[in-house]
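Asks: Sequence plus predicted model, see below.
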Amino acid sequence: MKKYKQFLITIFIFFLFKPVYSQEIILYNGQTIDQYIEQALSRWNLPGLSVAIIRNGEIVFVKGYGFKELGKSDKVDENTIFAIASNTKAFTGTAIAMLESEGKLLLEDRITKYFPDFMLYDTLASKMVTLKDLLTHRIGLGTFEGDFITWGTTFTRSELINKLRYVKPSYGFRDGYGYCNSGFLTVGEVIPVVTGKSWDEYIKERFLSEFNIHL
């Protein structure tokens, strides 16, 4: 049976709990958290998910729902590992904003400042692309254009960035929006240039270790 994608959903709920530390959390509309999640599973046709509720810096609720795979009986719990997928973009975008606030880079910096050999299909666009352009998906590529050609390959990050030059754009530079994983990958690789630490090391240090999140 086809294995469906799994989703890790960390929910920050700012409803009024009564009481907050009760096993049975009641939402503002009188539903229990269990009822709400079960409805969400059905509505989104998901096999399973994990939920964590954090309030005032403390974990007040954590629980798994449903199953790891459709047609099987292995249940999701609070320790089930899920693919993080595009949640990495939140880490990358926040990290770049932090580095800008520290004066280590600017969103308006051209990417060629950090990677002089960076190229897109269009030569003029290649020279003008900024970090902001890459983070806002406006470099001219259509959604997922070129992304799935390299899906599941062993190309390095630098090799994936290099291959952007071969993808013919769907729009003029800054004329259209196209969700681009490679754009975020490119910006993420600026982090090692300005910090001397890999993306993985920097994110672990500044987001996970600093907030005592254990992998």
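Replies: Good, I have the coordinates.

Asks: Distance-wise, check residue 26 relative to residue 71.
Replies: Separation of residue 26 from residue 71 (Cβ to Cβ, to the nearest Å) stands at 33 Å. (C-beta placed from N, C-alpha, C; glycine too.)

Asks: which one of those two has more residues nearby?
Replies: Taking other Cβ atoms under 10 Å, residue 26 and residue 71 do not tie; residue 26 has more neighbours (16 against 10).

Asks: Pairing partners for that one in the sheet, please.
Replies: Residue 26 forms beta bridges with residue 32, as assigned by DSSP bridges.

Asks: going forward can the numbers begin at 138, since that is how I track them
Replies: Noted, 138 is the first residue going forward, which turns the last one into residue 163.

Asks: In the chain, where's the longest helix?
Replies: helix 224-238 (DSSP state H).

Asks: chain center to the next helix-or-strand element following it: distance?
Replies: Helices and strands here follow DSSP states H and E; after helix 224-238, the next one along the chain is helix 260-265. Centroid separation between helix 260-265 and its chain, computed with Cα atoms, centre = their mean, to the nearest Å, is 27 Å.

Asks: Ok, stretch 218-230 next?
Replies: The answer for stretch 218-230 is 3 Å, by Cα atoms, centre = their mean.

Asks: Quick check: buried residues in it?
Replies: 219, 226, 228, 229 (16 or more other Cβ atoms under 10 Å).

Asks: Thought residue 323 was touching the last one, still the case?
Replies: This means residue 229. No: counting by Cβ atoms under 8 Å, residue 229 stays clear of residue 323, with 9.9 Å between them.

Asks: On the pLDDT front, check the residue nearest the centre of the chain for me.
Replies: Centroid check for the chain by Cα atoms, centre = their mean gives residue 224 as the closest residue, at 1.9 Å. On the pLDDT scale, residue 224 is placed at 89.

Asks: what separates it from residue 231, distance-wise?
Replies: 11 Å.

Asks: ok, back up a step: output the longest helix of the chain as CSV, nothing but the C-alphas.
Replies: Taking Å, rounded to 0.1, in the frame of the first residue of the first chain, the C-alpha atoms of helix 224-238 are listed here in CSV:
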residue,chain,number,x,y,z
ASN,A,224,9.6,23.9,7.8
THR,A,225,13.3,24.3,7.1
LYS,A,226,12.3,27.5,5.2
ALA,A,227,11.1,29.0,8.5
PHE,A,228,14.5,28.3,10.0
THR,A,229,16.4,29.7,7.0
GLY,A,230,14.3,32.9,6.8
THR,A,231,14.5,33.6,10.5
ALA,A,232,18.2,32.9,10.5
ILE,A,233,18.8,35.4,7.7
ALA,A,234,16.7,38.0,9.5
MET,A,235,18.7,37.4,12.7
LEU,A,236,22.0,37.8,10.8
GLU,A,237,20.8,41.0,9.2
SER,A,238,19.9,42.4,12.7
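
Asks: Which strands and helices lie in contact with it?
Replies: In terms of contacts (3 or more Cβ pairs under 8 Å, 6 or more residues apart in numbering; DSSP states H and E), helix 224-238 is packed against helix 268-272, helix 318-325, helix 327-332, helix 336-340.
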